[in-house]
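Asker: below are the sequence and a predicted model for it; my questions follow.
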Amino acid sequence: MAEIKEKNVKIKGVYQKISLIPTVVLNVENFLNECATNKEEAKGVVQTLSKLYEKKRKTTIEFNQFGERYVDRITIWGNAEYFVGDITFDYREFAIKIQRLLGIDQIVDINSPEFTKLLEDKVEKLSQINTLDELHEKFPELYMVYIEGNSMYNYAEAVL
């Protein structure tokens, strides 16, 4: 079943509560380049909103891989009567990146019980790893993140 959210929207001067579903997910840069009439103003608005979103996300999830941002994609919400009802950052982007890092091949809906189960299973397997070779074999994407982070740490140590 598709995700649904309710929102009060002003239509022809009157506020109405409408049900919205995610209709399309777009890359933010493509959206700005193709849809903005004043690109500089639109980029400023997106930057302001992305900072607020990141601040809110960080209060919930502290993970931040080398300053990685999770505001690269937006979701446009709509319905048949009033096509565009809302535009939000795509919160699933974080979940998809985590699934990729943990080697989950098929992307699973973040709202499904299967998502939680898969993450718990992967974290359990990850907690049993004792060597870098095991990490490389069982979690190659996470291994690459470790190598990159370790390289950055060693560089910082040498410079400081």
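Answerer: Done, it's in.

Asker: list the buried ones in the lengthiest strand in the chain?
Answerer: Counting by DSSP state E, the longest strand found in the chain is strand 14-27. The neighbour-count check on strand 14-27 (16 or more other C-beta atoms under 10 Å) flags Ile18, Leu20, Pro22, Leu26 as buried. To be clear about C-beta, it is placed using only N, CA and C from the backbone, and glycine gets the same treatment.

Asker: which residues make contact with the next helix or strand after it from outside it?
Answerer: Remark: after strand 14-27, the chain's next helix or strand is helix 28-35, criterion DSSP states H and E. Counting by C-beta atoms under 8 Å, 6 or more residues apart in numbering, helix 28-35 makes contact with Lys39, Ala42, Lys43, Val46, Val71, Asp72, Arg73, Ile74, all of which sit outside it.

Asker: which secondary structure elements does the helix or strand following helix 28-35 contact?
Answerer: Elements were assigned by DSSP H and E; along the chain past helix 28-35, the next helix or strand is helix 39-60. Helices and strands in packing contact with helix 39-60 are listed as helix 28-35, strand 86-89; criterion 3 or more C-beta pairs under 8 Å, 6 or more residues apart in numbering; DSSP states H and E.

Asker: can you list the weak-confidence ranges in the chain?
Answerer: Judged against pLDDT under 70, the low-scoring parts of the chain cover residues 1-2, 57, 60-70, 82.

Asker: mind checking the SS state of the residue nearest the centre of the chain?
Answerer: A centroid search over the chain (C-alpha atoms, centre = their mean) returns Glu93, at 2.4 Å, as the residue closest to the centre. With DSSP: H, G, I helix; E, B strand; the rest coil as the basis, the three-state label of Glu93 is helix.

Asker: and it, how far from Thr75?
Answerer: Between Glu93 and Thr75 the distance is 9 Å, computed by C-beta to C-beta, to the nearest Å.

Asker: repeat that for Tyr146.
Answerer: According to C-beta to C-beta, Tyr146 and Thr75 sit 31 Å apart.

Asker: now do Glu81
Answerer: Here the distance between Glu81 and Thr75 works out to 19 Å (C-beta to C-beta).

Asker: quick check: Thr75 is in a strand.
Answerer: Yes: according to three-state DSSP, the state of Thr75 is that of a strand.

Asker: which of the residues in stretch 88-102 are buried?
Answerer: Within stretch 88-102, the residues scored as buried using 16+ other C-beta under 10 Å are Phe89, Asp90, Arg92, Glu93, Phe94, Ala95, Ile96, Lys97, Ile98, Gln99, Leu101, Leu102.
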